[in-house]
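Participant: Provided below are the primary sequence and the corresponding predicted coordinates.
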Amino acid sequence: MLRFELAAGRPYYKTVSTNPKFISHSTSAPRCPLAGRHLIARLQSTMTIALTLGPSPTCWEQPKLCCAAVLSPCPQVAGARHAALFQRFIVALTRGGPGGLPRPIEIHAHDPRRYVADMLAWVHQALCGEREFVVALFGDSSSSRDAATNEAGTRRGTSDDQVTMSSTVLLDRIFESICRPLKVRIEQVLMMNPPLLLCYQLGQLTDFYCSLVVDILGPDAALSQTVGSCRDTANRTFMEQLKAAGDRLLRTPPQPPADLTAPLQVSQSMQLLNEIISAYESSLQHAAPKQQHQQQDSDVEVQQADDGLSSVLSAVLDPLLEMIKRSAEALSPNSPARLDDGTKLDPTAHKVYLINCLSVCQQTLAVRPAAAAPAQQSAELINSHLNSLVGQEAGWLLARSGLAEVVERVRLYQATSKMSGAAAPAAPLAADPSLSHYAVAEALRRFFVAVSSPDALPEFSSIQSPRLRGEAVSRVAASLVDAYEQVYRLLDDPTAGYAELGGSSMVKHTPAQVRTILGVI
């Protein structure tokens, strides 16, 4: 006997004959007096007995025909569950659960992130529950999404295959009902011009649930395409807003503050970028448990996520760095956009301002593993500007003592000798009047007097980072020591012509003493 539980709640019984000569006719689909109503059917064991009875040649030769009575209601089941799911979704949105618990989803419509998250969570929970129901009722004829995708190509044209469908295709038809209301509500949230961070969070949220739905239904299902379309819309809205924010920065670069600190626009942009990276890292942590048994798919998805973050980082950092460059032009002595006539402009202010702005960027990016590449790029830019600043200050100190000209001529002679391939220049250095023994010794003496004063080295007090400030002072001191040591050793060089005139004996202070005074270890 077959027992069907109807949507109306009344059981319907249909007796199946066990006579072998009637078994082929009796196992056809029973005519239900409530045709078209949803069958949440449970088959009694008599159907199993009917499938295994013998010795009917028809039953043994074509066992699938005996299952037609079970599988033929699939279209009716899909239609009934399609309508029921739509009603459940609307009730969950507007009325909530029995007695008001859980509360209606739309009660949180003022909080876009929770509103979208609650809808997607409800859809995923309903999808898992509906899948369990369909599999328990009809069996998992296509257990994987690949089998569902290729189902059309595997059909053999028999009458029973034409009325059957896999559980995945059945679920796809059922969940078509909520695709439009779900998409409309998510797109309404995105059309309200949400903040940048919220747009990115919605994109990550929809991407996470899209991967869950695709794992169950496959990429071609209506629900998968709907959630994927919402994800693409959120990402497109986010990138458009990000580009608009970058254009605003380039249109109106700020004037450098008097203390050469980073302007407010730099701090705000890096704070936003820090929150975006936090949301990105959080999304990867949520995705990790789902992908722990799918290593190959996980590597591909993580690579795609890294590429997406790289585009976001470029969209934020490229206009920001260009804005910093344009803003710093007001401090360049050779720029027409400088703040004054150039007479009172600190020549180091341009480099110091760039270092302060880049330092804010680098400090934010350095603590984020996902932003290692732009953090390294910022560090290289800081190091380049720091070297330029150090060279400028060291050159000024050497010029004040008269040692700069000596160092320059020595390096020129050494370069000429190396290019000619000779072990020593044609004429010794001592033969040059500007490099006479007395002139070199006097330059070394004046240099020692200059660096012996307490305020000889620049303090770089305008550099905001203590680490960079100390590094700049140390580099200046090391550069001065190297210049002094290079000239001092030249006096004892036999090929320079100073040894016959007394060499370094006329210089009272050794390079070790200069190192001690400047604090170079």
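Facilitator: Sure thing, it's come through.
Participant: neighbours of the residue nearest to residue 463 when sequence neighbours are not counted, how many?
Facilitator: Excluding the flanking residues, the one nearest residue 463 by CB to CB, 6 or more residues apart in numbering is residue 469, at 4.3 Å. Glycine gets a C-beta too; all of them are placed from N, C-alpha and C. By other CB atoms under 10 Å, 18 other residues sit near residue 469.
Participant: quick one: what helix or strand has residue 469 in it?
Facilitator: Using DSSP states H and E, residue 469 falls within helix 466-491.
Participant: now do that helix: which elements does it pack against?
Facilitator: Contact partners of helix 466-491 among helices and strands, from 3 or more CB pairs under 8 Å, 6 or more residues apart in numbering; DSSP states H and E: helix 372-401, helix 403-420, helix 437-451, helix 511-518.
Participant: before we move on, back to that, am I right that the residue nearest to residue 463 is in contact with residue 458?
Facilitator: No - assessed by CB atoms under 8 Å, residue 469 is found out of contact with residue 458, at 10.0 Å.
Participant: tell me where the model's unsure across this structure.
Facilitator: For the chain, the stretches with pLDDT under 70 are 1-73, 140-165, 284-305, 335-344, 419-427.
Participant: got the contact list for the residue sitting nearest the centre point of it?
Facilitator: With distances taken as CA atoms, centre = their mean, the chain has residue 309 as the residue nearest its mean C-alpha position (2.5 Å). Applying CB atoms under 8 Å, 6 or more residues apart in numbering to residue 309 gives the contacts 277, 280, 370.
Participant: surely the first one is in a helix?
Facilitator: Yes - inclusion of residue 277 in a helix is indicated when DSSP: H, G, I helix; E, B strand; the rest coil is applied.
Participant: quick one: the strands in the chain, in order.
Facilitator: Secondary structure of the chain by DSSP state E: the strands cover 2-5, 11-14.
Participant: report the buried residues of the helix holding residue 469.
Facilitator: Buried residues in helix 466-491, counted by 16 or more other CB atoms under 10 Å: 468-469, 471-481, 483-484, 486-488, 490-491.
Participant: before we move on, what about stretch 178-192?
Facilitator: Buried residues in stretch 178-192 (16+ other CB under 10 Å): 178, 179, 182, 183, 185, 186, 189, 190.
Participant: for the residues you listed, work out which two are farthest apart.
Facilitator: Using CB to CB, those span at most 18.3 Å, a distance reached by 178 and 190.
Participant: the residue found closest to residue 113 once you drop the neighbours it is linked to in the chain: neighbouring residues, count only.
Facilitator: Sequence neighbours aside, residue 201 is the residue nearest to residue 113 in space, at 5.7 Å (criterion: CB to CB, 6+ apart). By the other CB under 10 Å criterion, the neighbourhood of residue 201 contains 24 residues.
Participant: residue 201 against residue 111, yeah?
Facilitator: No - taking contacts as CB under 8 Å, residue 201 lies outside contact range of residue 111: 11.6 Å.
Participant: sorry, back to before: where's the residue nearest to the centre of the chain relative to residue 283, distance?
Facilitator: When distance is defined by CB to CB, to the nearest Å, residue 309 is 10 Å away from residue 283.
Participant: I'd like to know how many residues surround residue 210.
Facilitator: For residue 210, the tally of surrounding residues (other CB under 10 Å) stands at 22.
Participant: once you drop chain neighbours, what's closest to it?
Facilitator: Of all residues not flanking residue 210 in the chain, residue 227 sits nearest, at 4.3 Å (CB to CB, 6+ apart).
Participant: in JSON lines: the contacts of residue 309, plus distance to residue 168 and neighbour count.
Facilitator: Shown next, in JSON lines, are the contacts of residue 309 (distance: CB to CB, whole Å; neighbours: other CB atoms under 10 Å):
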{"residue": "277", "distance to residue 168": "37", "neighbour count": "20"}
{"residue": "280", "distance to residue 168": "31", "neighbour count": "21"}
{"residue": "370", "distance to residue 168": "35", "neighbour count": "19"}
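Participant: out of the residues you listed, who's nearest residue 115?
Facilitator: Among those, residue 280 lies closest to residue 115 (CB to CB), at 21.7 Å.
Participant: and the residue nearest to residue 463, what does it touch?
Facilitator: Contacts for residue 469 were tallied using CB under 8 Å, 6+ apart; they are 459, 460, 461, 463.
Participant: which one of the residues you listed is nearest to residue 137?
Facilitator: The closest of those to residue 137 turns out to be residue 463 (CB to CB; 72.1 Å).
Participant: and that closest one, how far from residue 385?
Facilitator: From residue 463 across to residue 385, the span is 10 Å (CB to CB).
Participant: which neighbours do these two have in common?
Facilitator: residue 355.
Participant: which one's more surrounded, these two?
Facilitator: Using other CB under 10 Å as the criterion, residue 463 and residue 385 rank with residue 463 on top: 24 against 20.
Participant: you'd agree that one is up against residue 354?
Facilitator: No - using CB under 8 Å, residue 463 makes no contact with residue 354, being 10.7 Å away.
Participant: hmm, who's touching stretch 97-104?
Facilitator: Here stretch 97-104 has contacts from 92, 93, 94, 95, 96, using CB under 8 Å, 6+ apart.
Participant: one more: stretch 508-520?
Facilitator: Outside stretch 508-520, the residues touching it (CB under 8 Å, 6+ apart) are 444-445, 448, 451-452, 457, 474, 477-478, 480-481, 484-485, 488, 521.
Participant: rerun at 6 Å
Facilitator: For stretch 508-520, the external contacting residues (CB atoms under 6 Å, 6 or more residues apart in numbering) are 448, 451, 452, 477, 478, 481, 484, 485, 488.
Participant: equivalent analysis for stretch 118-125, please.
Facilitator: Applying CB under 6 Å, 6+ apart, the contact partners of stretch 118-125 are 92, 105, 209, 212.
Participant: same thing but at 7 Å, please
Facilitator: In this structure, residues lying in contact with stretch 118-125 by CB atoms under 7 Å, 6 or more residues apart in numbering are 92, 105, 108, 178, 182, 185, 205, 209, 212.
Participant: and these, which is closest to residue 407?
Facilitator: Nearest to residue 407 out of these is residue 205 (CB to CB; 62.3 Å).
Participant: that closest one: how many residues sit nearby?
Facilitator: 22.
Participant: return the set of buried residues in stretch 307-318.
Facilitator: Within stretch 307-318, the residues scored as buried using 16+ other CB under 10 Å are 308, 309, 312, 313, 315, 316, 317.
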